[in-house]
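Enquirer: show me how the following folds:
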Amino acid sequence: MRPARQPQKFKIRKNDTVMVIAGRDRGKTGKVLRVIPVRRRLIVERLNMVKRHTKPNGAASPGGIVEREAPLDISNVMVMCDRCNAPVRSSVKFNADGSKSRVCRRCGDPLGSE
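Expert: Presented below is the predicted three-dimensional model:
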(Lines give C-alpha, C1' and ligand atoms only; values in the text may rest on other atoms or scores of the structure.)
Protein backbone atom coordinates (compact mmCIF):
# COMPACT_ATOMS: atom_id res chain seq x y z
CA MET A 1 0.00 0.00 0.00
CA ARG A 2 1.29 3.47 -0.92
CA PRO A 3 1.76 5.94 1.91
CA ALA A 4 -0.67 8.87 1.84
CA ARG A 5 0.79 12.02 0.33
CA GLN A 6 0.93 14.96 2.74
CA PRO A 7 -0.75 18.18 1.60
CA GLN A 8 1.64 21.05 0.98
CA LYS A 9 1.26 24.81 1.25
CA PHE A 10 1.44 26.68 -2.02
CA LYS A 11 1.99 30.30 -2.97
CA ILE A 12 -1.10 30.15 -5.18
CA ARG A 13 -4.53 30.47 -3.56
CA LYS A 14 -8.18 30.43 -4.55
CA ASN A 15 -9.33 33.58 -6.43
CA ASP A 16 -5.77 34.44 -7.59
CA THR A 17 -5.32 35.42 -11.22
CA VAL A 18 -2.78 33.10 -12.82
CA MET A 19 -1.14 32.67 -16.22
CA VAL A 20 -0.46 29.23 -17.71
CA ILE A 21 3.26 28.98 -18.60
CA ALA A 22 3.34 25.47 -20.07
CA GLY A 23 1.04 23.15 -21.96
CA ARG A 24 -1.85 23.45 -24.37
CA ASP A 25 -3.24 26.69 -22.85
CA ARG A 26 0.13 28.47 -22.52
CA GLY A 27 -0.20 32.26 -22.33
CA LYS A 28 -3.83 32.28 -21.19
CA THR A 29 -4.92 33.76 -17.88
CA GLY A 30 -7.77 32.92 -15.53
CA LYS A 31 -9.00 32.88 -11.96
CA VAL A 32 -8.21 29.94 -9.65
CA LEU A 33 -11.45 28.18 -8.69
CA ARG A 34 -9.98 25.43 -6.52
CA VAL A 35 -6.59 24.25 -5.21
CA ILE A 36 -6.03 20.51 -4.63
CA PRO A 37 -2.86 20.40 -2.48
CA VAL A 38 -2.69 16.61 -2.06
CA ARG A 39 -2.47 16.14 -5.84
CA ARG A 40 -0.42 19.35 -6.49
CA ARG A 41 -3.11 20.59 -8.89
CA LEU A 42 -5.51 23.47 -9.33
CA ILE A 43 -8.57 24.27 -11.40
CA VAL A 44 -8.55 27.53 -13.38
CA GLU A 45 -11.73 29.12 -14.70
CA ARG A 46 -12.34 28.36 -18.44
CA LEU A 47 -8.87 26.81 -18.95
CA ASN A 48 -7.87 23.20 -19.73
CA MET A 49 -11.41 22.40 -20.87
CA VAL A 50 -12.28 18.72 -21.43
CA LYS A 51 -15.42 16.97 -22.63
CA ARG A 52 -17.15 14.43 -20.41
CA HIS A 53 -19.85 12.08 -21.65
CA THR A 54 -22.57 11.70 -19.01
CA LYS A 55 -25.45 9.26 -18.73
CA PRO A 56 -28.92 10.62 -18.04
CA ASN A 57 -30.09 10.41 -14.40
CA GLY A 58 -33.85 10.80 -14.65
CA ALA A 59 -35.62 13.92 -15.82
CA ALA A 60 -33.51 16.26 -13.69
CA SER A 61 -30.20 15.72 -15.51
CA PRO A 62 -30.30 14.72 -19.16
CA GLY A 63 -27.28 12.96 -20.62
CA GLY A 64 -24.93 14.40 -23.17
CA ILE A 65 -21.49 15.84 -23.63
CA VAL A 66 -20.52 18.28 -20.89
CA GLU A 67 -17.51 20.60 -21.10
CA ARG A 68 -15.73 21.37 -17.83
CA GLU A 69 -12.37 22.45 -16.43
CA ALA A 70 -9.76 19.78 -15.73
CA PRO A 71 -7.02 20.24 -13.09
CA LEU A 72 -3.67 21.74 -14.11
CA ASP A 73 -0.38 20.97 -12.39
CA ILE A 74 0.62 23.76 -10.02
CA SER A 75 4.07 23.98 -11.62
CA ASN A 76 2.52 25.04 -14.95
CA VAL A 77 1.04 28.32 -13.68
CA MET A 78 2.38 31.59 -12.23
CA VAL A 79 0.59 34.27 -10.23
CA MET A 80 -0.20 37.49 -12.11
CA CYS A 81 0.70 40.82 -10.48
CA ASP A 82 -1.91 43.55 -10.94
CA ARG A 83 0.66 46.35 -11.02
CA CYS A 84 3.27 44.61 -13.26
CA ASN A 85 0.55 42.95 -15.40
CA ALA A 86 2.91 39.99 -15.82
CA PRO A 87 3.44 36.53 -14.31
CA VAL A 88 5.70 36.91 -11.28
CA ARG A 89 7.28 34.97 -8.48
CA SER A 90 6.10 35.79 -4.99
CA SER A 91 7.77 36.08 -1.63
CA VAL A 92 6.52 36.45 1.93
CA LYS A 93 6.84 39.73 3.80
CA PHE A 94 6.41 39.99 7.57
CA ASN A 95 4.30 42.97 8.59
CA ALA A 96 4.82 45.15 11.67
CA ASP A 97 2.01 43.39 13.54
CA GLY A 98 3.60 39.98 12.96
CA SER A 99 1.27 38.84 10.17
CA LYS A 100 2.52 37.64 6.80
CA SER A 101 1.56 38.78 3.31
CA ARG A 102 2.54 37.68 -0.19
CA VAL A 103 4.35 40.29 -2.26
CA CYS A 104 5.48 40.55 -5.88
CA ARG A 105 9.20 39.97 -6.39
CA ARG A 106 9.35 42.59 -9.18
CA CYS A 107 7.56 45.59 -7.70
CA GLY A 108 7.01 44.68 -4.03
CA ASP A 109 3.22 45.19 -4.20
CA PRO A 110 0.97 42.85 -2.18
CA LEU A 111 -0.58 40.00 -4.19
CA GLY A 112 -4.22 39.00 -3.97
CA SER A 113 -6.67 40.45 -1.49
CA GLU A 114 -4.19 41.12 1.31
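
Enquirer: next, count neighbours for residue 106.
Expert: Residue 106 is flanked by 13 other residues according to other Cβ atoms under 10 Å. C-beta here means a position set from N, CA and C on the backbone, and glycine is covered the same way.

Enquirer: contact partners for it?
Expert: By Cβ atoms under 8 Å, 6 or more residues apart in numbering, the contact set of residue 106 is 81, 84, 86, 88.

Enquirer: pick out whichever of those residues sits closest to residue 7.
Expert: Nearest to residue 7 out of the contacts of residue 106 is residue 88 (Cβ to Cβ; 24.5 Å).

Enquirer: buried stuff in the longest strand anywhere in the chain?
Expert: Longest strand in the chain by number of residues (criterion: DSSP state E): strand 29-36. Residues of strand 29-36 classed as buried: 29, 30, 32, 35 (neighbour count, 16 or more other Cβ atoms under 10 Å).
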